[in-house]
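>>> no sequence on this one, just coordinates:
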């Protein structure tokens, strides 16, 4: 028997705009009733006060992610068409100078670039995520998982996030880049700040200064680390990027720093959530856990089902570079479109019994890693880390259970993961 989340149908009309303003525990702690509402009632919705579209259906989300008419860079999206009289255009105020250190980094992330720059930047690091490279990394990841699992037994009720889900991907990506072990803890605060930057929404005035400080600190850190690697090359990704740069590569110094920051943040922020969400979901569905214990070969589809059912990234965005008709609506050129990955992954038109957690689900063409040209470069690494981390816990602690009365979700709209998760082994 497979356990199912029962979501009662609600006639209540949701304030869609409010959902994107700031984190709300009742709304975002359990976003799935809201996603159900979008899918059933407002699959393509225009938020007039934000000049923003929200799409939630799998077919529409996948189409927008793949269609070259939707871009990441503002300069590649023509100005919006003249607004109607009902919704006069609101000119955005110029970005305050305090955001410059942040914009200098984000503006050089391949995540926010279009071809040909996106292709060029992605090509510089793609070799690090090939199947051959993943096979070489596998023993190292297994060794890290073994070590961390052994340490868990020394605690009465360990926090699985702090003691296992966080350190595992941090150790892996730090070693790949060439970050010294003693510096790993520095990145937790920086990474969480960038996670808040990326989610958007309304923030307190003091956050701009906090974000700028984090951007300056992490930029300075990598500038010094890159200088050290330039003097003394090693067998790591920073040295590889420097070698490519010296052989006629096109990475500028700022692009090199920004790429290191992106790989560090993206390389662990989402994987921490994947591992934590996987354990939480399996412990919440004990019959599925029992099924996995009996059939360890289900570990790969189990990780994919977690990615679909409780994905680490809930949404992303694009800009329309031309007027675009979809689902009977016209998205004007220059308008921003939020694509709801978490909702698309619960779309009943794509997934049978979409609100059911089924570790044997097949096919499972989820959009947790997006799709199109910006499909997550680190997906093979994240999958492998998830499979190894979860497999080790299931093997060593088959009787593990949750010790917290309620889940402690991180207050973030974009990334879905737990702050803490106490368990009994």
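Everything's here; your move. As the structure is a computational prediction, the values presented were derived from the model and not from experiment. Numbering: from 1, shown residues only.
>>> Which pLDDT does the model give residue 200?
Looking at residue 200, its pLDDT is 77.
>>> Please read the previous query as pertaining to residue 181.
According to the prediction, residue 181 has pLDDT 89.
>>> To what extent is the closest residue to it other than its chain neighbours buried, counted in neighbours?
Take residue 181 and drop its neighbours on the chain: the residue closest to it by Cβ to Cβ, 6 or more residues apart in numbering is residue 174, 7.3 Å away. C-beta: built from backbone N, CA, C; applies to glycine. Applying other Cβ atoms under 10 Å, we find 20 residues neighbouring residue 174.
>>> isn't residue 174 right up against residue 184?
Yes: under the contact definition of Cβ atoms under 8 Å, residue 174 touches residue 184, with a separation of 5.1 Å.
>>> Flag the shaky bits of the stretch 201-350 of the chain, pLDDT-wise.
Along the stretch 201-350 of the chain, the model assigns pLDDT under 70 to residues 246-249.
>>> Let me see the ranges of the helices in it.
With helices called from DSSP state H, counting those that start in this stretch, the stretch 201-350 of the chain shows them at 207-231, 237-246, 253-284, 286-294, 299-309, 341-344.
>>> how near is residue 383 to residue 36?
With distances taken as Cβ to Cβ, to the nearest Å, residue 383 is found 27 Å from residue 36.
>>> taking the mean pLDDT, what do you get for stretch 142-153?
97.
>>> And stretch 127-138, by the same measure?
90.
>>> Please identify the buried residues of that stretch?
Buried positions in stretch 127-138, judged by neighbour count with 16 or more other Cβ atoms under 10 Å: 128-129, 134, 137.
>>> of those residues, closest to residue 225?
When those are compared for distance to residue 225 (Cβ to Cβ), residue 128 comes out closest, at 16.8 Å.
>>> pretty sure that closest one is touching residue 235, no?
No: the criterion here is Cβ under 8 Å, and residue 128 misses it with residue 235 at 11.9 Å.
>>> thinking again about what came up before, filter the buried residues of stretch 127-138 down to the ones in helices?
Under the assignment DSSP state H, these contribute 134, 137 to helices.
>>> Need the buried residues of stretch 127-138 in TSV (columns: distance to residue 405).
Formatted as TSV, the buried residues of stretch 127-138 follow (distance: Cβ to Cβ, whole Å):
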residue	distance to residue 405
128	41
129	39
134	38
137	38
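>>> Can you tell me which of the buried residues of stretch 127-138 is closest to residue 313?
If you rank the buried residues of stretch 127-138 by distance to residue 313 using Cβ to Cβ, residue 129 comes first, at 17.2 Å.
>>> thought the closest one was touching residue 384?
No: assessed by Cβ under 8 Å, residue 129 is found out of contact with residue 384, at 10.2 Å.
>>> still on that earlier bit, can you tell me which of the buried residues of stretch 127-138 is closest to residue 350?
For the buried residues of stretch 127-138, the nearest to residue 350 is residue 129 (26.7 Å; Cβ to Cβ).
>>> quick one: contacts for that closest one?
Contacts here follow Cβ atoms under 8 Å, 6 or more residues apart in numbering; on that basis residue 129 touches 377-381.
>>> which one of the residues you listed sits closest to residue 104?
Closest approach to residue 104 among the contacts of residue 129 (Cβ to Cβ): residue 377, at 21.6 Å.
>>> And that closest one, how close does it get to residue 26?
To residue 26, residue 377 is 35 Å away according to Cβ to Cβ.
>>> What of residue 172?
As judged by Cβ to Cβ, residue 172 and residue 26 stand 35 Å apart.
>>> Which of the two has more residues huddled nearby?
Taking other Cβ under 10 Å, residue 172 and residue 26 do not tie; residue 172 has more neighbours (22 against 6).
>>> which residues touch the residue nearest the centre of the chain?
Central residue of the chain (Cα atoms, centre = their mean): residue 313, 3.8 Å from the mean position. Taking Cβ under 8 Å, 6+ apart, we find residue 313 in contact with 270, 341, 368, 370, 414-416.
>>> Repeat that for residue 278.
Going by Cβ under 8 Å, 6+ apart, the list of residues near residue 278 reads 302-303, 306, 310, 386, 389-390.
>>> and what of residue 28?
Counting by Cβ under 8 Å, 6+ apart, the residues that residue 28 touches are 19, 409, 411-413.
>>> One more: residue 306?
When contacts are counted by Cβ under 8 Å, 6+ apart, residue 306 touches 274, 277-278, 281-282, 386.
>>> hey, which of the helices of the stretch 201-350 of the chain is tucked in deepest?
Of all the helices of the stretch 201-350 of the chain, helix 341-344 has the most neighbours on average by mean count of other Cβ atoms under 10 Å, namely a mean of 26.
>>> Can you tell me how far residue 169 is from residue 299?
According to Cβ to Cβ, residue 169 and residue 299 sit 17 Å apart.
>>> my bad, residue 142
13 Å.
>>> go on, residue 17?
40 Å.
>>> and if you look at residue 320?
According to Cβ to Cβ, residue 320 and residue 299 sit 40 Å apart.
>>> One more: residue 384?
From residue 384 to residue 299 the distance is 11 Å (Cβ to Cβ).
>>> ditto for residue 76
For residue 76, the distance to residue 299 equals 41 Å [Cβ to Cβ].
>>> now swap in residue 102 and tell me
Taking Cβ to Cβ as the measure, residue 102 falls 38 Å from residue 299.
>>> now residue 38
Separation of residue 38 from residue 299 (Cβ to Cβ): 32 Å.
>>> what's the answer for residue 272, then?
Taking Cβ to Cβ, one finds residue 272 at 19 Å from residue 299.
>>> Spatially nearest residue to residue 368, not counting backbone neighbours?
Nearest one to residue 368, counting by Cβ to Cβ, 6+ apart, is residue 307 at 3.8 Å.
>>> The one you found touches residue 367, doesn't it?
No: assessed by Cβ under 8 Å, residue 307 is found out of contact with residue 367, at 9.1 Å.
>>> Give the residues shared as contacts by those two.
residue 345.
>>> which residues touch the residue nearest to residue 368?
Residue 307 makes contact with 274, 345, 366, 368-369, 386, according to Cβ under 8 Å, 6+ apart.
>>> Please list only the buried members of those.
By 16+ other Cβ under 10 Å, the contacts of residue 307 give 274, 345, 366, 368-369, 386 as buried.
>>> If we only consider the residues you listed, which is nearest to residue 70?
Closest to residue 70, out of all of the buried ones among the contacts of residue 307 and judged by Cβ to Cβ, is residue 369, at 17.1 Å.
>>> in what helix or strand does that closest one lie?
Under the criterion of DSSP states H and E, residue 369 resides outside all helices and strands.
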